[in-house]
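1. Quick one, structure for this:
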Amino acid sequence: MVEQLLINNDGYYVPDASQLVTEDDMPVDNFASAKQQRLLVTSVYSSLQNQTFLAEANVGIYHTDGQPPIVPDVFLSLDVQVAANWWEKQNRCYMLWKFGKPPEVVIEIVSNKEGDELGSKLKTYEHMRASYYVVYDPTQQLSEQALRVYEIRGRRYFETSETWLEQVGLGLTLWQGKFEGRQDVWLRWCYQDGTVLLTGDERAEKERLEKEQALQHVQMLAEKLRSLGVDPENF
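-> Coordinates of the predicted model:
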């Protein structure tokens, strides 16, 4: 088969998406990783509704023509969005030549020692120039260090102890609590003060509690007025 050469309006070569494998339908996740991915993705969509970004789990990133995609557990890319016709082949996954930039953050969740997160994957993300590469190792498969953050400086990644990701205006924190009925330690997005980004369910529960507290306050005030001989209905 003769490879089709596609040229865009600027005269640059664009790989033919019809020749790319955009999904292989191979189940690879475990329960814990799937739930962790869901927490990271849903919370950012729930909390940053007025911003333009793309956050996904297990979606391939094509970074180099002729090379297979790399599939991070989670990625976050600012100021981009999926095309309206997302079922078309060229819009089904993240192709750097279409989005014009790599994601700012790529996250790998370690569940065994087979993924080479600190070797080949690190080198690929470094070559791709993702601003931050995060390795979350909850069961300490690679070392005693559960969370590693790498920041691109020039052409290389440098490990940093800073979990506030300045270039994206978000941080990462380890949070102990319950998500979807499961109590555990979770990796979560956070604001600079350490407050975590809420999921939709957490936001709804927070609003319910605030309304309940406001109602209790009104009821207490009414009782106080009655104790003073004042009818709150006529106040």
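
2. For Thr68, grab the count of nearby residues.
-> In this structure residue 68 is Pro, not Thr. Neighbours of Pro68 under the rule other CB atoms under 10 Å: 11. Just so you know, the C-beta spots here come from the backbone N, C-alpha and C atoms, and that holds for glycine as well.

3. How many residues are close by Trp175?
-> Using other CB under 10 Å: Trp175 sits among 16 other residues.

4. Any idea what it is bridged to?
-> Following DSSP bridges, Trp175 is listed with bridge partners Trp186.

5. Surely it is in contact with Trp189?
-> No. Under the criterion of CB atoms under 8 Å, Trp175 makes no contact with Trp189, lying 9.8 Å away.

6. Common neighbours of those two, please.
-> Common contacts of Trp175 and Trp189 (CB atoms under 8 Å, 6 or more residues apart in numbering): Val196.

7. for the longest helix along the chain, packing partners?
-> As assigned by DSSP state H, the longest helix anywhere in the chain is helix 200-227. Secondary-structure packing of helix 200-227 (3 or more CB pairs under 8 Å, 6 or more residues apart in numbering; DSSP states H and E): helix 31-47.

8. contacting residues for Ala146?
-> 136-138, 140, 174.

9. Show me the two of these that sit farthest apart.
-> Gln140 and Leu174 (12.7 Å; CB to CB).

10. Identify the bridge partners of Asn165.
-> Actually, residue 165 is Leu. It isn't Asn. Leu170.

11. got any ranges where the chain has weak pLDDT?
-> Counting by pLDDT under 70, the chain contains low-confidence residues at 1-28, 225, 235.

12. need the helices for it, in chain order.
-> Under DSSP H, the chain gives helices at 31-47, 96-99, 120-128, 200-227.

13. Extract the CA atoms of the second one and return them as CSV.
-> Output of helix 96-99 as CSV, limited to C-alpha atoms (Å, rounded to 0.1, in the frame of the first residue of the first chain):
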residue,chain,number,x,y,z
LEU,A,96,-0.3,16.7,18.5
TRP,A,97,-0.3,18.0,14.9
LYS,A,98,-4.0,18.7,15.2
PHE,A,99,-4.1,20.3,18.7
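
14. Excluding residues flanking it in the chain, which one is nearest Asp79?
-> Leaving aside its sequence neighbours, Asp79 sits nearest to Thr52 (CB to CB, 6 or more residues apart in numbering; 5.6 Å).

15. Most neighbours among the contacts of Ala146, which one?
-> That'd be Tyr136 among the contacts of Ala146, by other CB under 10 Å, with 22 neighbours.
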